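K.L.:
the following block contains a protein sequence and its predicted model.
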Amino acid sequence: MTPNSPTLLQKADDALRRCVLVFASKRALARLLSTFLCCVVVVILPFSRLGGSYAFLVLALKELVFSVQESLAQQLELTILNILGALLGIAISTLGKFIAAQYPVDSATSRATCATFLVLISFFAGLVKSRLPRLNLSMRIGCFASIWILTDSIGVRSYALSGNFLWITLSAAIICLVSLLVVMSLLHWSVTNFERDIASTFIIIQDTLRMGLALAFPHPDDPPVDPEQYQKLKVELLSRSIKLNENYSQAAFELRIGRLSLRSMRPLIGTVEHLRRELAWGMPLRKRTLPTRHHHSHFVPRSGAGAGAEDYFSSPPVTPTITPNGTIRGGHGHTFFKSPPGTPLPSPPLPFQLECPVAVSLEQPAQALGSALLDALSAVERTILLAFHQSDPPARLFSWREREPPVTIVGKEESTSNVSDDSATPSGAWTFCQTVLLSKAESDLLAARDHAREELKKVFRDLHTERGKPHLSKEALTSCLAMIALLQMAQELLVALQVAQRFATYYENARPRLWYPRVSLAWLGVPPGPYISDDPNAQNALLTAGDGSVTPTADNTYTAPEWKQGLREHAYGVDVRHSAMKTARMRVARRGSEDREPAPAWNLSQWIHYVWSSTKSLRFRIRLWRVLKATQRSSHLRHALKNACGVALLSLPAFLPASTGGPKWFLAVHGQWMVISYLWVLETNIGATWRIGYLRILGTCIGAIYAYIAWLIAHRNPYGLVTLVTVADLPITWLITQTNLGPLAVPCSVAIPPIAFAKYISPHSDTSVIKLALLRAGMISLGMVAALLMNSFVFPRHSRVYFLSDTSRTLGLLTDLYLSLSHDMFHDKHVFTRDERRKTLKLELEIRNALHRLAAHITTMHNELDLLPKPLRHYRRVVTVLQNVLDLMTGLRKIRENIPRKVTVAEVFHERREFMSCVCIALFACQHAFRAREPLPQFLPSARHAFEMLEDHVQERINQAREEDPEALGLSLVYAFAEQQVMRNMVDTLEALLELTGSLFGTSTWLTAQSTHMSRVSTRHEEGDHGWYSTFRYEEV
């Protein structure tokens, strides 16, 4: 018992420390302060009377609309937009109530006027919030105020309710903004996190590159590398590259203060994606055969989730020093601008040889180039942090301008080198010039790149392939591919260094200024930051809610070539009729005037056919068809219709005649909460609605139970009510800030004030608190159930259906991309024109966005309730394989710009054509299977067989060219070998895609193992003999 007690105490102490750190964070403190201030305003009756009997809604709007955000920019944006939305809703509702008051009370006209205004407001609010995601909360608060105003006292000439909601809205907005400003004045608050995100992404690139070098060019002094960890880093790098675009689109439209615009870092986003792709297609895994002597701890990544940046800024300010070997170091073990050599260069001769002599020859230049790449990555990373966080501790230790003071050396004058305060660094003390570092990194990278090129030329100039072995080994091809990837990365990093130098130079002359967004449709169409929404995963609904995805209906398969063919047939028929009429007129003209007969009059059907088939009518029909199809496909219009229909049905009792008892019942049970909860739960797809729906129902029930217990404890004591409601915000704040259970916490917080403060605001109410709690929970839950039913049966958006259709469309885009690459390769000019390059890059970006939508579909699909189980693991593997196909095609595009076209393209045209056709047929077969949900054919042309034929012929042409002139091909020979390795990986990826497609949709088999008369024929491995690939698997039987 005694030995375990310190452990238990230590665990309890650690848990308490973590709890204190969570609730001592800036956003948590601001949230708790805003909740306390709102409770104080509600319990002070002279103030709360301005809100009438609904004064407690200040707390509801504080949580639903004006919740404290992560930065001042987001809070200001939230405050301004949502106040405007509330004012618009209050104004239009007051106008509708004014028009209804012109008619007798409880008349059909007055009730119809209020109902019409409410339905129209709901329709246009749903249309706007679906089309412009940034106005989502603005439209919701407009509907929130309209529901309360238009359903209460219909036809009565009283506008006190409008004033009450104006006070409620302004109070909630001002309290949340003031709470944030108070906490910001006491604690340092970062302006934006985008530069930290991109800097931490560069750290992950460094870790991935170190591991990739150790795997591609293993050395006995390298630490062991875990391939699974390497793959995890690649996956994390992919997700971070995607999020960088989202974060930039949000941060670029935020209010911020600084010297530099975030647009100066925009080219680095493309650099990150290019580096990720080069690591994906150029750094494959290779079996490690060398002994190791180092520990695994050397390769622990510096930032799994941005930890490197946090440690960098959380450490106290220290004075950097220079070691005798030239490394710049700071106190506490920090190394500035110099990455530790994870893979040291082989200085002594090795006592053994590698299996592949090509890999042995390329190891030294690869390691040297990799070291230069790591230094360049570190320089860019540090420049970003220093330029955009000039108020943080490390920034004041560096200067952008070059000075010439004496530099402190490690081991000399230790007392002066470890001083960290500002007084110890006056003018003339130790400073460092960042621009000089960037210039040095660029020159070192250029030198390493040129050295690597020369070594490549030398290695393959001295390479003599034996006639009995016309092919290079797989390790040699892998080494060639890795070297080409490193050279491409060098090109990308040279651009990144130039970008860093530009904004570093601009930093010297710039002054801090206010950067504000320009209000435009582009700004309104960008989703807000993740903290503005109570559910971070709800962003997936915005990603998959656009009209860019394919609508999976049979009517939408009517493609443009089909109706254009109809126009051609119509034009042919018109030409035939015109020629017949012309011939008839010529015959009549030959006759005399006495023989002429009057032309027969047209009947009604002929006139209708003439008008229907005229040119103007055809143009009008095509335009009308396009408008109707766009309307039918519009997810925004569908969401608006569901928004308006749900509000009309749920609020119908409020607009019935008073004799029916509907309005009295609606006000007695507070049916407004039912309508409001419907609007808050209704999302653009079923998965998001189900996830938000059941969590909100559960949160509402928990909040109602807690509110009833709080009333039993405090009753009408204002101090007790304020204390209990503020204490309830502690776990709610933790759920919102530390977990993804916002849909559970927010309704819980919203359900507490109407019950806890009901008797305090309206002491003469006859409804008991227990009944009030049941009614509140019941109405809110009923509205959520209505949203679930509406999204499930009216215009349902099943993520599985959209996933399959979007996968088919993505496969079609990949086919187009591969055809474009093949067309450019066979082009006479042998170069990319500007328009062709732009078209290819645009297509790659479209495929990348489509893959991101597929991943979002899988996330929302997980939340859908379906009777049939969904193969989500297979779906995720499909997205991964498609991402690999895109990365390999990008590698082919870059490599094919430098291959010897005469030897590897023109002289092997037939083999190239066969391979290209096999790849396109495989992609088309998978596209058809996903679109039609039909099985694959059993036999397809084998891409592997075509590749082997192409590889043999290319190697033969290369040998012939080298026999004629050993120096004829030069560095382009390495690109040719790298292309072969990428195409080999492409074949492996296509076969994996075919296997996944077959496992999802099956195979149309006609030859199986049970065929007795063909029992000697293999059904799976026949491509080696006859060039066919079998999609049939024995386990399917």
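P.N.:
Nice, I can see it.
K.L.:
I'd like to know how far Leu29 sits from Thr737.
P.N.:
Here the criterion is C-beta to C-beta, to the nearest Å. By it, Leu29 lies 11 Å from Thr737. No exception for glycine: its C-beta is placed from N, CA and C like everyone else's.
K.L.:
cool, Met983 as well?
P.N.:
Counting by C-beta to C-beta, the gap from Met983 to Thr737 is 49 Å.
K.L.:
could you pull out the helices for the stretch 601-750 of the chain?
P.N.:
604-613, 615-633, 635-650, 662-668, 672-681, 686-714, 718-738, 742-756 (DSSP state H, counting those that start in this stretch).
K.L.:
neighbours around Ala648, how many?
P.N.:
17 (other C-beta atoms under 10 Å).
K.L.:
before we move on, the earlier item: more crowded one of Met983 and Thr737?
P.N.:
Met983 (21 against 18).
K.L.:
helix or strand for that one, which one?
P.N.:
In the assignment (DSSP states H and E), Met983 maps to helix 972-1001.
K.L.:
gap between that helix and the chain center?
P.N.:
26 Å (C-alpha atoms, centre = their mean, to the nearest Å).
K.L.:
other SSEs contacting that helix?
P.N.:
Contacting helix 972-1001 under the criterion 3 or more C-beta pairs under 8 Å, 6 or more residues apart in numbering; DSSP states H and E are the following elements: helix 434-461, helix 474-509, helix 872-895, helix 901-904, helix 909-932, strand 936-937, helix 943-964.
K.L.:
check contacts around Val495.
P.N.:
Contact partners of Val495, counting by C-beta atoms under 8 Å, 6 or more residues apart in numbering, are 267, 271.
K.L.:
if you average pLDDT over each of the helices and strands packed on helix 972-1001, which is lowest?
P.N.:
Comparing mean pLDDT across the helices and strands packed on helix 972-1001, the weakest is helix 901-904, with a mean of 82.
K.L.:
what helices or strands is it leaning on?
P.N.:
Using 3+ C-beta pairs under 8 Å, 6+ apart: helix 901-904 touches helix 943-964, helix 972-1001.
K.L.:
touching that helix from outside, list them.
P.N.:
Contacts for helix 901-904 (C-beta under 8 Å, 6+ apart): 825, 830, 954, 957-958, 961, 969, 976, 979.
K.L.:
save these as CSV, and put in neighbour count and distance to Gly52 too.
P.N.:
Compiled in CSV, those are given as follows (neighbours: other C-beta atoms under 10 Å; distance: C-beta to C-beta, whole Å):
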residue, neighbour count, distance to Gly52
Met825, 18, 74
His830, 12, 77
Val954, 23, 83
Arg957, 19, 88
Ile958, 21, 86
Ala961, 18, 90
Leu969, 22, 85
Ala976, 24, 80
Glu979, 22, 75
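K.L.:
show me which of those residues is closest to Ala929.
P.N.:
Ala929 has its nearest neighbour among the contacts of helix 901-904 in Met825, at 28.0 Å by C-beta to C-beta.
K.L.:
thought the closest one was touching Phe909?
P.N.:
No: assessed by C-beta atoms under 8 Å, Met825 is found out of contact with Phe909, at 10.5 Å.
K.L.:
still on that earlier bit, nearest to Leu841, out of the helices and strands packed on helix 972-1001?
P.N.:
Using C-beta to C-beta, those put helix 872-895 closest to Leu841, at 9.3 Å.
K.L.:
now do the closest one: which elements does it pack against?
P.N.:
helix 266-282, helix 474-509, helix 799-825, helix 834-861, helix 972-1001.
K.L.:
and this structure, what are its domains?
P.N.:
25-188+637-793, 194-524, 823-1036 (automatic domain parsing).
K.L.:
kindly compare burial across the ones you listed and name the winner.
P.N.:
Greatest average neighbour count among these goes to domain 25-188+637-793 (a mean of 20), per mean count of other C-beta atoms under 10 Å.
K.L.:
give the contact list for Leu50.
P.N.:
For Leu50, the contacting residues are 163-164, 167, by C-beta under 8 Å, 6+ apart.
K.L.:
circling back: can I get the domains of the chain in JSON lines with distance to Ala630?
P.N.:
JSON lines is the format used below for the domains of the chain (distance: least, C-beta to C-beta, whole Å):
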{"stretch": "domain 25-188+637-793", "distance to Ala630": "9"}
{"stretch": "domain 194-524", "distance to Ala630": "18"}
{"stretch": "domain 823-1036", "distance to Ala630": "20"}
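K.L.:
nearest to Asp806, out of those?
P.N.:
Asp806 lies closest, by C-beta to C-beta, to one member of the domains of the chain: domain 823-1036, at 5.8 Å.
K.L.:
report the distance from that closest one to the chain centre.
P.N.:
The chain centre lies 26 Å from the centre of domain 823-1036; the measure is C-alpha atoms, centre = their mean.
K.L.:
again, but for stretch 501-519
P.N.:
The answer for stretch 501-519 is 27 Å, by C-alpha atoms, centre = their mean.
K.L.:
quick one: Ile198 and Gly270 touch, right?
P.N.:
No: with contacts counted by C-beta under 8 Å, Ile198 stays clear of Gly270, the gap being 11.5 Å.
K.L.:
can you say which of the helices and strands packed on helix 872-895 is nearest to Leu132?
P.N.:
Checking those against Leu132 by C-beta to C-beta gives helix 834-861 as the closest, at 18.8 Å.
K.L.:
now that closest one: average pLDDT?
P.N.:
Rounded mean pLDDT across helix 834-861 is 85.
K.L.:
who does that helix touch, helix- and strand-wise?
P.N.:
On a contact count with 3+ C-beta pairs under 8 Å, 6+ apart, helix 834-861 meets helix 539-543, helix 686-714, helix 799-825, helix 872-895.
K.L.:
kindly provide the distance from Leu996 to Asn884.
P.N.:
12 Å.
K.L.:
what do you get for Leu437?
P.N.:
When distance is defined by C-beta to C-beta, Leu437 is 36 Å away from Asn884.
K.L.:
what of Arg913?
P.N.:
From Arg913 to Asn884 the distance is 24 Å (C-beta to C-beta).
K.L.:
if we can go back for a sec, mind putting the helices of the stretch 601-750 of the chain into CSV with mean pLDDT and distance to Ser146?
P.N.:
Below are those laid out as CSV (pLDDT from 0 to 100; distance: least, C-beta to C-beta, whole Å):
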stretch, mean pLDDT, distance to Ser146
helix 604-613, 75, 46
helix 615-633, 79, 26
helix 635-650, 89, 9
helix 662-668, 88, 15
helix 672-681, 88, 10
helix 686-714, 84, 21
helix 718-738, 89, 27
helix 742-756, 88, 18
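K.L.:
of those helices, which approaches Gln229 most closely?
P.N.:
For these, proximity to Gln229 was assessed by C-beta to C-beta; helix 718-738 is nearest, at 26.3 Å.
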